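**Q** Got a sequence here, can you model it:
(chains A, B and C)
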Amino acid sequence: MMLTLLDHIGVFVFAISGMLTAADRSLDILGGYIIAFITALGGGTLRDLLLNVDIAWMGSIVQVSMVVAGGTFGILFRSYLKRLRRTLFIFDTIGIAIFTIIGVQKGLAHEQFGLTVVFLGMISATFGGLIRDVLCNEIPLIFRKEVYAIPCLLGGTLFFLGNELGWGDALWLVWVSIAVIITLRTLAVVFSWELPLIREIRK
Amino acid sequence: MMLTLLDHIGVFVFAISGMLTAADRSLDILGGYIIAFITALGGGTLRDLLLNVDIAWMGSIVQVSMVVAGGTFGILFRSYLKRLRRTLFIFDTIGIAIFTIIGVQKGLAHEQFGLTVVFLGMISATFGGLIRDVLCNEIPLIFRKEVYAIPCLLGGTLFFLGNELGWGDALWLVWVSIAVIITLRTLAVVFSWELPLIREIRK
Amino acid sequence: MMLTLLDHIGVFVFAISGMLTAADRSLDILGGYIIAFITALGGGTLRDLLLNVDIAWMGSIVQVSMVVAGGTFGILFRSYLKRLRRTLFIFDTIGIAIFTIIGVQKGLAHEQFGLTVVFLGMISATFGGLIRDVLCNEIPLIFRKEVYAIPCLLGGTLFFLGNELGWGDALWLVWVSIAVIITLRTLAVVFSWELPLIREIRK
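**A** Take a look at the predicted model:
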């Protein structure tokens, strides 16, 4: 299945991103792999806990292997990757797009409410990074850079609505939803879109 | 059912408190709603995870709506609410009282040990705020202001004992337990009751 | 059963360690007991959540009692214990060794993958301390002192392989695995073994 392959790519890329963050924090190698693991699989773990179903990675030697591969890749090509911020951004954006769709699909498969389904997509995509930031003792990026979560919410809603309209088995719906998330996030970064701070409203 | 209505009020009030905390941390709007969500529903989520039952909010469009309503209310009336610290305190205290009783009830419904049941009440009432503080990169308030958790433990114990004595269906037991929690916390704040620090004992 | 007794000892010792950490952070007594609880039972709680089984401490009045006993012991003998860093280290090391083996056993009992089983052992042993550090607003020790987690991974792997070879019921396998973890960690501390930092590799 195409989505399974995409899932593995998402895990691999998120593991790289986790390892690079850990390197910036002066962690040692094992700390780096743990952070890579949590970044890549933490969002899906929370999603599965909330759904009260088996945790996906616990039954998948492939997903754990992708974390190890991504983390090792991150260590070996660290200085090279740093110069490729744009490449990394693209992979990371592909990752959150894939994880959003997989989260929404899993929510639909377990017959959750529409709103809950879309939340599960966002949680799958963003909470791995959120837990990573908490463990590294920082206020999570997601609370400051909304461009990260808003495209997930919109793309997840689109995919959910498409399913409601009966196009759940259509592969084009997957691709369009992923494309929407990638496009929105790219536009947001390119044009520096930002949500207003709470305190800026109705002072 | 009366408790369901109280539950919604608790969620609404906790969402306001989450949004106001987020505003103080310079978060943007989406970050504010996420913090409001976690403050209001995080304690109940952990309770349901520990009990291995369906997460309450995932099947309740009303609870999610109450978070959105409370968060929006917090944004719109922020400057007004700040002058009303006393009003907010009252609502917050009502909130932890309600959440404690609901947590104890759920623990009893799933036939847990007495001590576990009381813990579940305290977790329902306080861990949403605890997770909020961790996400905002602060040492949780609960570890410094015991007046927050002690009334929950005492009121929860009272409600548990009343159930053991066969008054589980009596509405007056709910009201007395809630009143005890509210009274204890109010007295604790008014008279600045504080638990001793660990290091002050047996120096 | 021998392992159950060891488990209680592990909980007792970890509760002491949690209380001592909390004392250093100027927490009050209740905060101290909550940190003691999370340090001692947090790793096992996460393990059971991931396995989607009943949380061990929720059905065990003994485990909760051991937390209270360990925490109280920590308060009463705090100044004395501080002079006994070596004694505490030994108990703590016994604790992670026991928790690793119990985690691996539980993973095997629920027929998980080999890699997952070993991870569950490490999570049981180390994530209580990790959550404790996050709540106290520090970057978790485990990310900087790998000597903590590596012995768990190696000893857990040994115990897992012994089980695969059919020695699962042999008590000597338990003792050898525990001895390996204790020995490795002691050697690591005595000789100051450290893993390289990520940024030191392939600069």
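**Q** going forward, measure contacts between C-alpha atoms and count neighbours the same way
**A** Will do.
**Q** which parts of the helix or strand bottoming out on mean pLDDT in chain A are buried?
**A** Least confident element among the helices and strands of chain A, by mean pLDDT, DSSP states H and E: helix A:78-82 (a mean of 78). For helix A:78-82, the neighbour count (16 or more other Cα atoms under 10 Å in any protein chain shown) marks A:78, A:81 as buried.
**Q** Run the contact check for that helix versus chain C.
**A** Yes. Counting by Cα under 8 Å from any Cα of the partner chain, chain C is contacted by helix A:78-82 at residue A:79.
**Q** any residues touching whichever helix or strand comes after that helix, and which ones?
**A** Following helix A:78-82 in sequence order, the next helix or strand is helix A:85-109 (DSSP states H and E). Helix A:85-109 has contacts (Cα atoms under 8 Å, 6 or more residues apart in numbering or on different chains) with A:3, A:6-7, A:9-11, A:13-14, A:17, A:44, A:47, A:51, A:81, A:116-118, A:120-126, A:152, A:155-156, A:159-160, A:174, A:177-179, A:181-182, A:185.
**Q** just stretch A:122-134 next, same as before
**A** Residues contacting stretch A:122-134 (Cα under 8 Å, 6+ apart): A:18, A:35, A:38-47, A:95-100, A:102-103, A:139-142, A:148-149, A:152-153, A:156, B:134-135, B:137, C:134.
**Q** Also stretch A:16-34?
**A** So stretch A:16-34 is contacted by A:35-40, A:67-68, A:70-75, A:78, A:88, A:92, A:129, A:132, A:136, C:142-146, C:195-199 (Cα under 8 Å, 6+ apart).
**Q** 6 Å instead, please
**A** The contact list for stretch A:16-34 (Cα atoms under 6 Å, 6 or more residues apart in numbering or on different chains) reads A:35-36, A:39, A:70-71, A:74, C:143-144, C:196-199.
**Q** Close to chain B: what parts of chain A are there?
**A** A:116, A:139, A:143-144, A:196-199 (Cα under 6 Å from any Cα of the partner chain).
**Q** quick one: low-confidence parts of chain A?
**A** Residues of chain A meeting the criterion pLDDT under 70: A:84-85, A:87-88, A:144-146, A:202-203.
**Q** Now do the helices in it.
**A** A:2-24, A:29-51, A:61-76, A:78-82, A:85-109, A:114-135, A:150-164, A:171-190 (DSSP state H).
**Q** how about the CA coordinates for the fourth one, as PDB?
**A** Output in PDB follows, covering the C-alpha atoms of helix A:78-82 (Å, rounded to 0.1, in the frame of the first residue of the first chain):
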ATOM      1  CA  ARG A  78      24.700  16.200  10.100                       C
ATOM      2  CA  SER A  79      27.000  19.000   8.800                       C
ATOM      3  CA  TYR A  80      25.800  18.300   5.200                       C
ATOM      4  CA  LEU A  81      22.200  18.400   6.200                       C
ATOM      5  CA  LYS A  82      22.600  21.700   8.000                       C
END
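**Q** That one - contacts with which helices or strands?
**A** Packing contacts for helix A:78-82, counted by 3 or more Cα pairs under 6 Å, 6 or more residues apart in numbering or on different chains; DSSP states H and E, involve no helix or strand.
**Q** rerun that using 10 Å as the cut-off
**A** Judged by 3 or more Cα pairs under 10 Å, 6 or more residues apart in numbering or on different chains; DSSP states H and E, the packing partners of helix A:78-82 are helix A:2-24, helix A:61-76, helix A:85-109.
**Q** Could you report the distance from residue A:60 to residue A:41?
**A** According to Cα to Cα, to the nearest Å, residue A:60 and residue A:41 sit 12 Å apart.
**Q** Looking at those two, which is more packed in?
**A** residue A:41 (26 against 14; other Cα atoms under 10 Å in any protein chain shown).
**Q** Distance-wise, check that one relative to chain B.
**A** Separation of residue A:41 from chain B (Cα to the nearest Cα, to the nearest Å): 18 Å.
**Q** separation between the nearest residue to residue A:182 once chain neighbours are set aside and residue C:49?
**A** Spatial nearest neighbour of residue A:182, excluding adjacent residues (Cα to Cα, 6 or more residues apart in numbering or on different chains): residue A:93 at 5.9 Å. According to Cα to Cα, residue A:93 stands 30 Å off from residue C:49.
**Q** Give me the more crowded residue out of the two.
**A** residue A:93 (25 against 20).
**Q** residues near residue A:183, how many?
**A** 16.
**Q** show me the residues around it that make contact.
**A** With contact taken as Cα atoms under 10 Å, 6 or more residues apart in numbering or on different chains, residue A:183 is in contact with A:93, A:97, A:151, A:155, A:177, A:189.
**Q** how close does the last one sit to chain C?
**A** Going from residue A:189 to chain C by Cα to the nearest Cα gives 28 Å.
**Q** What is the burial count for that residue?
**A** 15.
**Q** Isn't it up against residue A:147?
**A** Yes. In this structure, residue A:189 is within contact of residue A:147 by Cα atoms under 10 Å, at 7.2 Å.
**Q** ok, back up a step: most widely separated two among the contacts of residue A:183?
**A** The span of those, defined through Cα to Cα, is set by A:177 and A:189 at 18.6 Å.
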